[in-house]
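K.L.:
Predicted model, plus sequence, below.
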Amino acid sequence: MKKKLFGLVAMAALVTGVSLTAAAPAQAACRVDNLSMWQGKNATCLNIVHVSFGSSTHLGNPARAGQWSKQQLCWDGATGYSYRNA
Amino acid sequence: MRRLWTVPVIAALMLFASNGCAADFGPSDIVAGSAGDVPEFTGPWASEFADTYRAGSDVVRAILEDGAISDAEWAETSDAFIGCMQDRGVRVTLDDAYGAIALPDMPKPDAASDAALDACTPDFYAVSSLRRDLARNPDARDEDAIIAACLVEAGLVEPGYSGEDLASDAKQESLPFDNDDPVFGSCIRDPLGLLE
């Protein structure tokens, strides 16, 4: 079956010229609302985790679209935050 | 121009023919072929189980196939993740039992830790996401509604503040309280008071 699937995927790629590694539409429109030091709401991404860093790096719970990714703890010395796709 | 267009099509047809599969599969086979047969999951999180199963590795599928994640399976998943990171030179600890983690030696993420996370988190996050969903919101109630109800209960917002209000305020970056208020954090983490 893997061979069959490869055949179909290869044909789709050849015919359309679309890169198979291109980001999915949901990722292209990826948006995180209310991103702050300790949390952010995944508005449109497939999955995200909230990242806080300072003396160490912490990654919050993975969150699907519509969910919040939050750090388990607040701690002294945090200096920045971001998020990453999970 | 016409020749340019026909080359990939002919190549594709040849590839098809060499696989001997031009006539015996359609869209439904693509799903089955990419993930095998997906078990019939039941319950409020069934579609998330199915999606995760479909996209998951053999390890993830073996864990999810009975529709539950046991403590032993979670322990194995966590240990495998920690070991995978260690093999790549990145020390990691668990911040909770639902997928939050720390990199104690990393003041900031760098290319090496990003690469290690990319390699090691897929199975870990697939399992921890579902484990968190099941424990935190077992009936899959509306995410914004349960957080808003928690905020009202805690007195951070006035009675009547709804899930729609929270969703709208979050989208407009205009929450009626401090983004980093610990009460808000508690309501996000465990709105129904069910976690360990």
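P.N.:
Yep, that arrived.

K.L.:
quick one: pLDDT of residue 46?
P.N.:
All of this is about chain A. According to the predicted model, the pLDDT of A:L46 comes to 91.

K.L.:
Please refer instead to chain B.
P.N.:
The predicted local distance difference test score for B:A46 is 97.

K.L.:
That one and chain A, how far apart?
P.N.:
Taking C-beta to the nearest C-beta, to the nearest Å as the criterion, B:A46 is separated from chain A by 15 Å. C-beta: built from backbone N, CA, C; applies to glycine.

K.L.:
For that residue, grab the count of nearby residues.
P.N.:
Under the neighbour criterion other C-beta atoms under 10 Å in any protein chain shown, B:A46 is assigned a count of 14.

K.L.:
measure it to B:G185 for me?
P.N.:
30 Å (C-beta to C-beta, to the nearest Å).

K.L.:
got it, and B:A119?
P.N.:
Look at B:A119 and B:G185: by C-beta to C-beta, they are 30 Å apart.

K.L.:
what about the two, which has more around it?
P.N.:
B:G185 (20 against 12).

K.L.:
Could you pull up the contacting residues of that one?
P.N.:
By C-beta atoms under 8 Å, 6 or more residues apart in numbering or on different chains, B:G185 lies in contact with A:W38, A:Q39, A:K70, A:Q71, A:C74.

K.L.:
Let's see the ChimeraX selection covering just the buried ones among these.
P.N.:
In ChimeraX, a selection of the buried entries from the contacts of B:G185 looks like this (16 or more other C-beta atoms under 10 Å in any protein chain shown):
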select /A:38,39,70,71
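
K.L.:
Quick one: the contacts of B:G185 as CSV, columns for secondary structure, distance to B:L166 and pLDDT too.
P.N.:
As requested, the contacts of B:G185 are arranged in CSV below (DSSP: H, G, I helix; E, B strand; the rest coil; distance: C-beta to C-beta, whole Å; pLDDT from 0 to 100):
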residue, secondary structure, distance to B:L166, pLDDT
A:W38, coil, 17, 93
A:Q39, strand, 13, 94
A:K70, strand, 14, 93
A:Q71, coil, 19, 92
A:C74, coil, 21, 82
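
K.L.:
Mind checking what helix or strand follows the longest helix along chain B in sequence?
P.N.:
Looking only at chain B and at elements set by DSSP state H, the helix with the highest residue count is helix B:111-136. Using DSSP states H and E, the helix or strand that directly follows helix B:111-136 along the chain is helix B:143-154.
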